[in-house]
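Asks: Okay, predicted coordinates and the sequence, questions at the end:
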Amino acid sequence: MPAAKQLQVMIVEDHPLFSKGLASLIMSRREYNVVGEASSLSEARAIAEREKPALAIVDINLGNESGMDLIPWLKSQDPDIVILVLSMYDERYYSERILRLGARGYIMKDEAGNKVLDAIKTVMSGKVYLSGAERERLFESITGEGRREVKDSPLSVWKLSDRELQVFSLIGKGLGTIEIAARFNLSTKTIDTHKEHIKMKLHCSSSQELRQMAIEWSNHPGVS
């Protein structure tokens, strides 16, 4: 009887030790085969084009790059690819965003290994994987029951668009307008416009206040 076909998996993670540990965990199941580990967007794109993985496990924080930029690209190349985000970023601020981009699940890095394997099994079965608490929060947000909780969340970052949140995060890492513009291949004027929108949404009266708020956000538990 021929052996069952293995599921081809790609890992996108910029911390080598974590990536190796995750690969080892996944390969402990005979039905999975890790075909590549990438630490940057360019490496991830090259592996995806070469190996055509069925599953991509993607971290959001890739140094000065964002895994959020990879999700729509992967889906444009292969609409059938399944994407699971595995990150230290608090799922309250990112799960809905990554689902809109095309990912099928979100799991925090501090979860146990068996939970990660459960998440993989869930998304590969065609379902969405989120923690129980996050599923409940999203339901309350949709129905309006949980709007007060969302409104009172730290820094109200739920108000920011995906790009604004990325810019805000990079400000918190100490990057200036020119560096952020180069990172996204945008003009400095566009970045300044994003900053003004962020200031309005977060009720910042000055660029200094915005910078301080971004730093505090970056140091918030579960964010960095």
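Replies: In hand now; what should we look at? Numbering: from 1, shown residues only.
Asks: Run through the helices of the chain in chain order.
Replies: For the chain, applying DSSP state H gives helices covering 16-27, 41-51, 70-77, 91-101, 113-124, 132-143, 147-151, 162-172, 177-184, 188-201, 207-218.
Asks: For Asp59, which of the ones you listed is the nearest?
Replies: helix 16-27 (8.4 Å; C-beta to C-beta). Quick note: C-beta positions are derived from backbone N, CA and C, even for glycine.
Asks: The closest one vs helix 113-124, what angle?
Replies: Angle between the axes of helix 16-27 and helix 113-124 is 70 degrees (criterion: axes from the mean of the first three to the mean of the last three C-alpha atoms, to 10 degrees).
Asks: got CSV for the helices of the chain, with mean neighbour count and mean pLDDT too?
Replies: Shown next, in CSV, are the helices of the chain (neighbours: other C-beta atoms under 10 Å; pLDDT from 0 to 100):
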stretch, mean neighbour count, mean pLDDT
helix 16-27, 15, 95
helix 41-51, 16, 96
helix 70-77, 17, 96
helix 91-101, 20, 83
helix 113-124, 17, 95
helix 132-143, 14, 70
helix 147-151, 12, 45
helix 162-172, 21, 87
helix 177-184, 16, 90
helix 188-201, 16, 91
helix 207-218, 16, 84
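Asks: Format those as TSV; extra columns: distance to Val34.
Replies: Compiled in TSV, the helices of the chain are given as follows (distance: least, C-beta to C-beta, whole Å):
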stretch	distance to Val34
helix 16-27	4
helix 41-51	10
helix 70-77	16
helix 91-101	21
helix 113-124	11
helix 132-143	26
helix 147-151	36
helix 162-172	28
helix 177-184	28
helix 188-201	36
helix 207-218	30
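Asks: so how far is Ala182 from Ile198?
Replies: Distance, Ile198 to Ala182, using C-beta to C-beta, to the nearest Å: 19 Å.
Asks: sorry, back to before: which among the helices of the chain is found nearest to Gln8?
Replies: That would be, of the helices of the chain and by C-beta to C-beta, helix 41-51, which comes in at 6.2 Å.
Asks: same for the closest one, what does it pack against?
Replies: Counting contacts by 3 or more C-beta pairs under 8 Å, 6 or more residues apart in numbering; DSSP states H and E, helix 41-51 is packed against strand 7-12, strand 32-38, strand 55-58, helix 70-77.
Asks: Including distance to Glu49, could those go into JSON lines?
Replies: What follows is these, written out as JSON lines (distance: least, C-beta to C-beta, whole Å):
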{"stretch": "strand 7-12", "distance to Glu49": "11"}
{"stretch": "strand 32-38", "distance to Glu49": "11"}
{"stretch": "strand 55-58", "distance to Glu49": "12"}
{"stretch": "helix 70-77", "distance to Glu49": "7"}
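Asks: How confident was the prediction at the residue most central in space within the chain?
Replies: By C-alpha atoms, centre = their mean, the mean C-alpha position of the chain lies nearest to Ile60, the distance being 3.3 Å. What the model reports for Ile60 is a pLDDT of 90.
Asks: what does the one 4 residues further on give?
Replies: According to the per-residue confidence, Asn64 scores 75 in pLDDT.
Asks: can you check the one 3 residues further on too?
Replies: Reading off the confidence values, Gly67 has pLDDT 92.
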